[in-house]
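Participant: Kindly generate the corresponding structure for this input.
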Amino acid sequence: EPDLDALLGRFAHAIAMIRVSHRSLNTSEHFGDEEFVLRTGLAALDAVYTELDLANPGPNRGKKGFTDEEREGFQNFIDAGFIDVFRLFKQGKGHYTWWSHFANSRARNVGWRIDYVLVSSSLRKAVKSAEIHPQIMGSDHCPVSIGLDL
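Facilitator: Presented below is the predicted three-dimensional model:
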């Protein structure tokens, strides 16, 4: 199993870890006799993973939030088996979770997707939806949500 503590040390935000025994789940799916771990990351990582997650990648390359080091750190989560839930359901550009307060960026949808939900592969089958809610105001970020069927 990957060294998750080392991965988490690269970011300021936490990954929530929930240990669940298969006996405590209300589900007909059999997960085996061993205890398993459902890991879900709910964090504003403040880093862009791919160019699809940024309205203007060219001029932002190398700037805070879009450095090679930050992208490599995010890749470590993917390599450890975590899944970017939103990308299971939506592809392409134009899906952002943060906008600058300058130049009417939010209204023009010139943003960055820096708020992610990551799940372990053991939780993948339970994921039923993922949404970004740009219509909900109150911050320079917007909420993200996922639907799970456990």
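Participant: what about residue 102, helix or strand, and which?
Facilitator: Assessed by DSSP states H and E, residue 102 sits outside every helix and strand.
Participant: Just the pLDDT for it.
Facilitator: We have a pLDDT of 94 for residue 102.
Participant: what about it, distance to residue 144?
Facilitator: In this view, residue 102 and residue 144 are 23 Å apart by Cβ to Cβ, to the nearest Å. Every C-beta, even on glycine, is put in place using the N, C-alpha and C of the backbone.
Participant: can I get the CA coordinates of stretch 89-106 in PDB?
Facilitator: Extracted in PDB, the C-alpha atoms of stretch 89-106 (Å, rounded to 0.1, in the frame of the first residue of the first chain):
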ATOM      1  CA  PHE A  89     -18.500  12.000 -15.400                       C
ATOM      2  CA  LYS A  90     -17.300  15.200 -17.200                       C
ATOM      3  CA  GLN A  91     -14.500  15.800 -19.700                       C
ATOM      4  CA  GLY A  92     -13.200  18.800 -21.400                       C
ATOM      5  CA  LYS A  93     -12.600  22.400 -20.400                       C
ATOM      6  CA  GLY A  94     -14.900  24.900 -18.800                       C
ATOM      7  CA  HIS A  95     -15.500  23.200 -15.500                       C
ATOM      8  CA  TYR A  96     -14.000  25.400 -12.800                       C
ATOM      9  CA  THR A  97     -14.200  25.800  -9.000                       C
ATOM     10  CA  TRP A  98     -12.300  29.000  -8.500                       C
ATOM     11  CA  TRP A  99     -12.300  32.400 -10.200                       C
ATOM     12  CA  SER A 100     -10.200  35.500  -9.500                       C
ATOM     13  CA  HIS A 101     -12.100  38.500  -8.200                       C
ATOM     14  CA  PHE A 102     -10.500  40.500 -11.100                       C
ATOM     15  CA  ALA A 103     -11.800  41.200 -14.600                       C
ATOM     16  CA  ASN A 104     -15.200  39.700 -14.000                       C
ATOM     17  CA  SER A 105     -13.600  36.200 -14.200                       C
ATOM     18  CA  ARG A 106     -16.500  34.200 -12.800                       C
END
